[in-house]
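> make a model of this:
(chains A and B)
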Amino acid sequence: DAGVIQSPRHEVTEMGQEVTLRCKPISGHDYLFWYRQTMMRGLELLIYFNNNVPIDDSGMPEDRFSAKMPNASFSTLKIQPSEPRDSAVYFCASRRTGIRTGELFFGEGSRLTVL
Amino acid sequence: GESVGLHLPTLSVQEGDNSIINCAYSNSASDYFIWYKQESGKGPQFIIDIRSNMDKRQGQRVTVLLNKTVKHLSLQIAATQPGDSAVYFCAENRNQGGKLIFGQGTELSVKP
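All right, here's what the predicted structure looks like:
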């Protein structure tokens, strides 16, 4: 079975540019999460969706960040304008409703470098 | 404040020995805990979970222990192998929706 698919795997951009990260969750999963990982702050939850509806976006750093989930098989995380401090690995994860609510399936991440 | 943290940032063990990775949490209302493994260049991978109505749960070569009195969680890996080398995170699930809060991680290094 295909896992969570993220693109691009690596992105290098200049400060001020728009960045769009993409995620395809596992088919049948109704929860989708966006996490950011840095050495300083570890794994931080940015936002999560249930049935395509944003449930908690309290982790989104500021207005420069936005996330959408137009359908059950696709989500985007956009940064506009990007800044050097946004450099991190961004992970998308998904899971299905069930007893094991802590079992998230992570993608391989998108490594973002903002120069 | 609420946090999930780790006692040790790094742990080095000999192949074949048992490994114990520790985690402390501060939210006494937390009732569900999870361990994840992250290999270099990959996303975190679920290992095992435990609810607060249990003290111990076993999986394949792994055991999670929960001490609610001192708010402490540990992951024991039996007969550690080179493939176990990774960063291990404990995480706390704070609501039914699955808002997972991760600790800082412990890097496990297995020496051959």
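> when you work out contacts or count neighbours from here on, use the C-alpha atoms and nothing else.
Fine.
> what is the burial count for residue B:112?
9 (other Cα atoms under 10 Å in any protein chain shown).
> what's near enough to touch the nearest residue to it once chain neighbours are set aside?
Spatial nearest neighbour of residue B:112, chain neighbours left out: residue B:15 (5.2 Å); criterion: Cα to Cα, 6 or more residues apart in numbering or on different chains. Going by Cα atoms under 8 Å, 6 or more residues apart in numbering or on different chains, residue B:15 touches B:79-82, B:110-112.
> just the buried ones from the residues you listed?
B:80-81, B:110 (16 or more other Cα atoms under 10 Å in any protein chain shown).
> show me which residues of chain A are close to chain B?
A:41-45, A:48, A:91, A:101-109 (Cα under 8 Å from any Cα of the partner chain).
> which of the helices or strands spans the residue most central in space within chain A?
Nearest to the mean C-alpha position of chain A, by Cα atoms, centre = their mean, lies residue A:34 at 3.0 Å. Secondary structure assigned from DSSP states H and E places residue A:34 in strand A:31-38.
> state the mean pLDDT of the following helix or strand past that strand.
As assigned by DSSP H and E, the chain's next helix or strand after strand A:31-38 is strand A:42-50. Mean per-residue pLDDT for strand A:42-50: 94.
> check the offset of strand A:42-50 from the chain's centre.
7 Å (Cα atoms, centre = their mean, to the nearest Å).
> kindly report the residues of chain B close to chain A.
So far as Cα under 8 Å from any Cα goes, chain B lies against chain A at B:32-34, B:41-46, B:49, B:93, B:96-105.
> now, of the residues you listed, which are buried?
B:32-34, B:43-46, B:49, B:93, B:97-105.
> quickly list what residue A:50 is bridged to.
On the basis of DSSP bridges, residue A:50 is bridged to residue A:31, residue A:53.
> that one - how many residues pack around it?
Residue A:50, neighbours per other Cα under 10 Å, totals 20.
> that one contacts residue A:31, correct?
Yes: using Cα atoms under 8 Å, residue A:50 is in contact with residue A:31, at 4.6 Å.
> could I get the full set of strands for the chain?
Since no chain was named, I'll use chain A. A:5-7, A:10-13, A:19-24, A:31-38, A:42-50, A:53-56, A:65-71, A:74-79, A:88-95, A:105-106, A:110-114 (DSSP state E).
> let's do chain B instead
B:4-5, B:10-14, B:19-25, B:32-38, B:45-51, B:56-58, B:62-67, B:72-77, B:86-93, B:100-102, B:106-111.
> columns mean pLDDT and distance to residue A:73 on top of these, output as a markdown table?
Compiled in a markdown table, those are given as follows (pLDDT from 0 to 100; distance: least, Cα to Cα, whole Å):
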| stretch | mean pLDDT | distance to residue A:73 |
| --- | --- | --- |
| strand B:4-5 | 54 | 31 |
| strand B:10-14 | 94 | 38 |
| strand B:19-25 | 93 | 35 |
| strand B:32-38 | 95 | 25 |
| strand B:45-51 | 95 | 21 |
| strand B:56-58 | 97 | 34 |
| strand B:62-67 | 96 | 33 |
| strand B:72-77 | 96 | 34 |
| strand B:86-93 | 93 | 24 |
| strand B:100-102 | 88 | 21 |
| strand B:106-111 | 95 | 33 |
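> what's the most buried one of these?
strand B:86-93 (a mean of 24; mean count of other Cα atoms under 10 Å in any protein chain shown).
> which other residues reach stretch B:73-87?
With Cα under 8 Å, 6+ apart, stretch B:73-87 has contacts from B:13-25, B:35, B:37-40, B:61-67, B:105-112.
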